[in-house]
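Enquirer: have a look at this prediction, sequence included:
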Amino acid sequence: MKMMMMMMKVSELVLVLSCVLCVSADSLHVDLAITGCSDTDGENMYALDGEEMWYADFINKRGVEPQPGFIDQTSYEEGAYERAVANQQICKSNLKNGRIGMKDLALNIDPPSSPMIYTRDEVELGEKNILICYVTGFYPAPVTVYWTKNGEEVTEGTSINIPYPNKDGSFNQISRLEFVPQLGDMYSCSVKHPALNQPLTRFWDVEVKQPSIGPAVFCGLGLTVGLLGVAAGTFFLIKGNECS
């Protein structure tokens, strides 16, 4: 079991995880809180049953609830962002002490699996869609993900969620790219991680499924053969009557 609190490089996060099982009469729920910090960055997130419910945006200094509009919104009580800021101060203090106590411990690292690319919706040319790049199995977090279109790097319309823990102690992340499919375009998702000697890259090109003409052809042939059979039967029936 990997340690839940670890020493990392300056640019990486020290993650402290807490998991609470909430039992009701009907079901079992998992409530997850993640707090992380480095010398230059910070993270504070709450999740329920594997879905992000709230996270602190320390750049824009506000709390964000990334919940889809078609569900009942769950709002955290007032002061959640201020508590997240206070937690960062505690985290940075623990980080300083952790560096002293863990300076001689080697950090285990696991590379991510090959990324998966798929679209949110069925592809229709000229219609807005979202490409999703899913990466999992890496330790420690996070990974760096970048996109290209036809060989050119793309930054506009991209986003990435915060690292989410797997049951085995590794992490997963999802990066998204907003795009408009055009036939012939080629996209790629590349993933960087300290455990990799070179980035992992997966390509995806715009394809539109064409309706199959096989059933229609066979149906047409069957109908033609059937009509020819009826015509031939009628011809021989008439000839038979003439010879009688």
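Expert: Yep, that arrived. If you're wondering where the values come from, they're calculated on a predicted model, not measured in any experiment. Numbering: from 1, shown residues only.

Enquirer: so what are the domain limits for this structure?
Expert: 14-101, 116-205 (automatic domain parsing).

Enquirer: what about K61, neighbour count?
Expert: As a burial measure, K61 scores 9 neighbours (other CB atoms under 10 Å). Placement of C-beta: from N, CA and C, glycine included.

Enquirer: now swap in F171 and tell me
Expert: 22.

Enquirer: and if you look at L196?
Expert: 14.

Enquirer: which one is it nearest to, not counting chain neighbours?
Expert: Nearest residue to L196 in three dimensions, chain neighbours excluded: P111, at 5.2 Å (CB to CB, 6 or more residues apart in numbering).

Enquirer: determine which of the domains of the chain approaches L107 most closely.
Expert: Nearest to L107 among the domains of the chain is domain 116-205 (7.1 Å), distances taken as CB to CB.

Enquirer: model confidence over that closest one, on average?
Expert: Regarding domain 116-205, the rounded mean pLDDT is 95.

Enquirer: still on that earlier bit, CSV for the domains of the chain, including distance to L107?
Expert: Below are the domains of the chain laid out as CSV (distance: least, CB to CB, whole Å):
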stretch, distance to L107
domain 14-101, 11
domain 116-205, 7
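
Enquirer: which stretches in the protein count as helices?
Expert: All helices of the chain, identified by DSSP state H, fall at 80-101, 214-243.

Enquirer: the ones you listed: lowest mean pLDDT?
Expert: Looking at the helices of the chain, the bottom one is helix 214-243 with a mean of 49.

Enquirer: and V143, how far is that from D39?
Expert: V143 sits 20 Å away from D39, going by CB to CB, to the nearest Å.

Enquirer: quick one: which of those two has more around it?
Expert: Set V143 next to D39 and count neighbours by other CB under 10 Å: V143 wins out with 25 against 10.

Enquirer: quick one, strands of the chain?
Expert: Here the chain has its strands, by DSSP state E, at 14-23, 28-37, 42-48, 51-57, 62-64, 116-119, 129-138, 144-149, 152-154, 158-160, 164-165, 171-179, 186-192, 200-205.

Enquirer: can I get these in a markdown table including distance to A80?
Expert: Listed next are the strands of the chain as a markdown table, based on distance: least, CB to CB, whole Å:
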| stretch | distance to A80 |
| --- | --- |
| strand 14-23 | 15 |
| strand 28-37 | 11 |
| strand 42-48 | 8 |
| strand 51-57 | 7 |
| strand 62-64 | 5 |
| strand 116-119 | 33 |
| strand 129-138 | 28 |
| strand 144-149 | 27 |
| strand 152-154 | 33 |
| strand 158-160 | 22 |
| strand 164-165 | 19 |
| strand 171-179 | 23 |
| strand 186-192 | 31 |
| strand 200-205 | 35 |
